[in-house]
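[1] task: produce atomic coordinates for the following.
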Amino acid sequence: MIIAQYGFRDEELYDPLEVFESAGYKVDIAAQTKEEAKGMLGAIVKPHLTFKDVKTYEYDAVIVVGGRGTMTLADNPDVLKIVKDAYDRQKVVGAICLGPMVLAKAGLLKGRKATVSLCQDSMRLFKQLGIELVNDDVIATGLIVTANGPVASKKFAKKISEMILG
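    Have a look, this model is predicted:
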């Protein structure tokens with residue numbers, strides 16, 4: 001799970017984490033540094049690894065957690081490389097809230113249906129890149145899953161778990 005160092009959305013990390021771990025998956029959290037990461041609502045997380053240390057071939061899925069800080073991830077070349085590599089390796093790639101903007105900038109959503117937390121930046125980017133914006137909690141197209149915000153966190157995680165199991 002990829003999080004912003006500052007300003008990730010707490011429940012968009014913890015709700016899926018709970019679903020994945022209860023399904024028996026081992027989850028690593030990656031951020032810019034291994035220093036404490038801070039959530040929008042006060043969560044403090046110690047990332048397991050940095051973006052540069054992520055080896056996508058070791059994982060079944062890569063998930064971008066949302067929140068205000070996620071905007072910084074959309075311009076981070078290491079994060080864009082991670083999601084592209086995961087997709088190229090036929091891994092499930094998920095993003096929630098503003099996270100789909102990362103997938104959009106990585107070129108993974110072009111010509112697809114997707115959802116995102118609605119704001120001027122996300123709507124402009126989706127329109128500019130030819131992404132069909134669907135106003136729904138969770139959208140799965142191929143191996144890509146997008147979700148629109150914290151209320152969809154568990155539904156998003158359950159869909160990803162189903163896709164990993166095939």
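[2] the residue nearest to Lys38 when sequence neighbours are not counted: neighbour count?
    The spatially closest residue to Lys38, leaving aside those adjacent along the chain, is Tyr6, at 5.2 Å (C-beta to C-beta, 6 or more residues apart in numbering). Bear in mind the C-beta positions are built from the backbone N, C-alpha and C, glycine included. Look at Tyr6: counted by other C-beta atoms under 10 Å, it has 16 neighbours.
[3] mind listing the strands for the chain?
    6-8, 30-31, 37-39, 44-45, 49-50, 61-64, 92-96, 113-114, 132-133, 138-141, 144-147 (DSSP state E).
[4] what sits against the spatially most central residue of the chain?
    Nearest to the geometric centre of the chain sits Val64, at 1.7 Å (C-alpha atoms, centre = their mean). Neighbouring residues of Val64 by C-beta atoms under 8 Å, 6 or more residues apart in numbering: Ile2, Thr70, Leu73, Val79, Val83, Gly94, Ala95, Ile96, Gly99, Pro100, Val102, Leu103.
[5] what's the closest of those to His48?
    Nearest to His48, judged by C-beta to C-beta, of those is Ile2 at 11.4 Å.
[6] does the closest one touch Ile63 like I think?
    Yes. Here Ile2 lies in contact with Ile63, judged by C-beta atoms under 8 Å, at a distance of 6.7 Å.
[7] okay, the residue of the chain most remote from its centre and Ala157: tell me how far apart.
    Of all residues in the chain, Gln128 has its C-alpha farthest from the mean position, at 20.5 Å, by C-alpha atoms, centre = their mean. Remark: distance between Gln128 and Ala157 (C-beta to C-beta, to the nearest Å) = 29 Å.
[8] I am finished for the moment; much appreciated.
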